[in-house]
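# Here is my input; please provide its structure:
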Amino acid sequence: MKKHLFLVNLLTFCITFSQQKYPKNDFRNPLDFPIILAGTFGELRTNHFHSGIDIKTKGISGKEVHVAKEGYVSRIKISLWGYGKAIYVTHPNGYTTVYGHLQKFSDKIEKYIKQKQYEKESFEIQVFPNRDELALEKNEIIAYSGNSGGSTAPHLHFEIRDTKTEKIINPLLFGLEVPDNITPHFGGLRVTPIGENAAVNQIPVAQNIHVEKINSHLFVSDEVEAIGTIGLQINTHDLLNNAPNKNGVYSIDMTVNDTLVYHHDLETFAFDESKYINLLIDYGYYAKHRKKYQKTYIDPSNRLSIYKTDQNKGFLQIKDQEHYRVEIIVKDFANNTTIIRVPIKGNKIITPIIKENLETPYFVNQNKYTVFKQGNSEIRFPKNTFYEDVYLDYRVSKNAVHVHKPNLPLNKNYTLTYFTDSLSANEKKYVYFAYKSGRHYNYVSTYRKDNKIYTNTKYLGDFYLKFDSIPPIIYKPSFYNKQNISNHKTLSIHIKDKETDIKNYYATIDGKWILMEYQPKKNRLFFDLEDLKATQQQHAFKLKIQDVLGNTKTYEASFYK
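Numbers count the residues shown, from 1 in each chain. Purely as a prediction, here's the structure:
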């Protein structure tokens with residue numbers, strides 16, 4: 001018992017030490033009201049970790065965003081997806097803060113970036129201002145919160161990065177206060193036999209284990225009988241005060257007979273390692289059941305830097321008739337703790353089961369460049385596309401290519417090619433790849449060269465040949481032809497492509513390019529009429545849009561202002 005208390009105190013000390021490494025009073029809350037989080041740092045997202053905190057903005061856009069500390073704007077990026085409208089601020093203390101999903105910038109930043117957009121004739125843009133171009137004072141308003149980019153609801157995405165290394169650091173380590181007295185939620189336990197001569201409850205397959213809730217922070221599982229090398233996995237998330245969001249936990253530890261054998265925490269990580277999230281979770285189980293179980297062991301190919309212990313990498317070696325007291329300790333940033341106790345007994349009995357034969361003619365050695373051809377298709381896997389050697393299920397039909405099941409994580413893109421010699425000239429012009437997800441067919445970036453189309457992708461599954469010769473549509477203009485819009489603040493119009501995607505658009509008034517902001521989630525373009533001087537004259541508006549297959553649509557109308 002004393003040893004157990006010592007271990008818990010040691011883990012608490014480690015978390016406290018990490019928190020003391022960073023200045024606590026340098027950065028202010030970028031908003032003018034208490035922080036309530038919709039997302040935590042390191043939260044498990046699709047194919048990546050969340051790289052900041054998402055601060056709720058009371059469900060609306062337009063809240064004042066202050067710079068967290070004096071500095072200068074070192075980068076501005078405006079994109080249709082991702083962070084949408086984002087500002088990067090470099091500070092004299094060695095850190096850079098990032099503010100994403102903004103609605104608009106402050107007047108001086110808006111003026112600066114709009115000039116750059118007109119020079120480039122592009123809404124999407126990325127610039128790197130010099131140190132003296134956009135200096136910022138303490139507490140200065142730099143923007144207004146929004147829902148731009150890949151955001152699904154209004155909020156402020158906030159990051160803190162090391163300026164030199166660009167590693168992302170948990171913003172809560174800098175003293176930002178977030179009320180939290182709720183213990184992490186526990187959602188399930190799985191135990192997996194690994195390699196030959198391993199079994200769980202006498203059979204060589206992974207199993208869900210029944211767990212009993214003792215109280216709000218303690219769970220105890222049924223006794224697990226096992227033999228050989230096994231790994232444990234848990235489903236967990238964090239809950240914070242005043243919000244229903246399922247957030248990420250801060251740390252997970254595992255002890256065996258009071259000895260620490262596994263630890264990871266979300267203090268910091270680098271962008272280029274975020275993809276290894278697919279080795280932190282049981283990816284195959286997630287692909288099938290859409291539920292994320294985090295491993296308490298480290299796969300050989302896993303390059304994440306979040307791990308702090310390396311004793312057998314968390315794999316458990318179970319011997320016949322021996323007993324093991326396993327505890328998994330889950331903490332959130334506020335040190336609220338949930339413990340899952342797993343008693344394990346060694347039992348050498350293994351009941352053989354009939355396994356599906358996974359061998360096919362398409363074997364990929366992860367350390368070799370591999371090419372397969374079948375029918376009119378070809379797939380090319382660069383070295384280390386997969387994290388391990390695999391047999392693939394590769395099949396081709398008239399208008400489809402099946403590249404295995406989407407149950408394996410990929411380390412890098414592979415190339416899928418379809419040779420179009422058998423297609424008519426018109427079909428060649430309009431053919432593209434579509435990825436089937438459930439009942440839906442989603443456009444996949446498709447490239448053309450000679451008599452072939454190809455795509456570079458990290459997805460396994462079913463790819464279909466589809467054809468799109470239909471132009472995109474332009475609809476719902478905010479004015480009718482020859483209307484006087486002197487009292488309007490904006491000019492808006494909607495665009496959409498039913499088959500693929502909008503590739504580009506070009507709008508002019510009186511033959512001169514205008515900055516129309518594109519909101520793809522709303523299929524809407526809009527123009528700030530303050531950019532157009534009031535003349536009480538007739539103006540000619542023209543919009544030309546193009547989809548990814550080159551189909552175009554043009555709209556023309558006039559108005560008075």
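
# Report how many residues lie close to Glu119.
Using other CB atoms under 10 Å as the criterion, Glu119 is surrounded by 10 other residues. No exception for glycine: its C-beta is placed from N, CA and C like everyone else's.

# Would you agree it falls within a helix?
Yes - the secondary structure assignment for Glu119 places it in a helix, going by DSSP: H, G, I helix; E, B strand; the rest coil.

# Now do it against Asn247, distance only.
According to CB to CB, to the nearest Å, Glu119 stands 41 Å off from Asn247.

# Please apply the same query to Ile354.
Looking at Ile354 against Asn247, where the rule is CB to CB, the gap reads 42 Å.

# the more surrounded of these two?
Neighbours were tallied for Ile354 and for Asn247 using other CB under 10 Å; the higher tally belongs to Asn247 (26 against 5).

# what bridges to the more buried one?
On DSSP bridges, the residues paired with Asn247 through beta bridges are Asp238.

# so who does it touch?
If you count contacts by CB atoms under 8 Å, 6 or more residues apart in numbering, Asn247 has them with 37, 39-40, 43, 237-240.

# Using neighbour counts, trim the residues you listed to the buried set.
With neighbours counted using 16 or more other CB atoms under 10 Å, the contacts of Asn247 contain these buried positions: 37, 39-40, 43, 237-240.

# Can you tell me which of the residues you listed is nearest Phe105?
The shortest distance between Phe105 and any of these, using CB to CB, involves Gly39 and amounts to 22.7 Å.

# Make sure that closest one is actually in contact with Ile53.
Yes - Gly39 is within contact range of Ile53, at 6.4 Å (criterion: CB atoms under 8 Å).

# which residues do the two both contact?
Both Gly39 and Ile53 are contacted by His157, under the criterion CB under 8 Å, 6+ apart.

# and Tyr324, how many residues sit next to it?
The tally of other residues near Tyr324 (other CB under 10 Å) stands at 18.

# Which residues are in contact with the residue lying closest to it once chain neighbours are set aside?
Spatial nearest neighbour of Tyr324, excluding adjacent residues (CB to CB, 6 or more residues apart in numbering): Ile344 at 4.2 Å. By CB under 8 Å, 6+ apart, Ile344 lies in contact with 223-226, 230, 316, 318, 323-324, 326.

# which SSE is Ile344 in?
For Ile344, the enclosing helix or strand under DSSP states H and E is strand 337-346.

# Could you list the paired strands of that strand along with their orientation?
Under the rule (DSSP bridges), strand 337-346 has strand 218-221 (parallel), strand 224-237 (parallel), strand 323-331 (antiparallel) as partners.

# Direction included, what does whichever helix or strand comes after it pair up with?
As assigned by DSSP H and E, the chain's next helix or strand after strand 337-346 is strand 362-364. Strand 362-364 sits in its sheet next to strand 390-392 (antiparallel), going by DSSP bridges.

# Give me the contacts around the partner strand.
The set of residues external to strand 390-392 that reach it, using CB under 8 Å, 6+ apart, is 358-360, 362-364, 366, 372, 403-404, 408.

# residues contacting the closest residue in space to Val211 that isn't next to it in sequence?
Across the structure, with CB to CB, 6+ apart as the measure, the residue nearest Val211 apart from its sequence neighbours is Ser221 (4.5 Å). With contacts defined as CB under 8 Å, 6+ apart, the neighbours of Ser221 are 189, 209-212, 340-343.

# No further questions, thank you.
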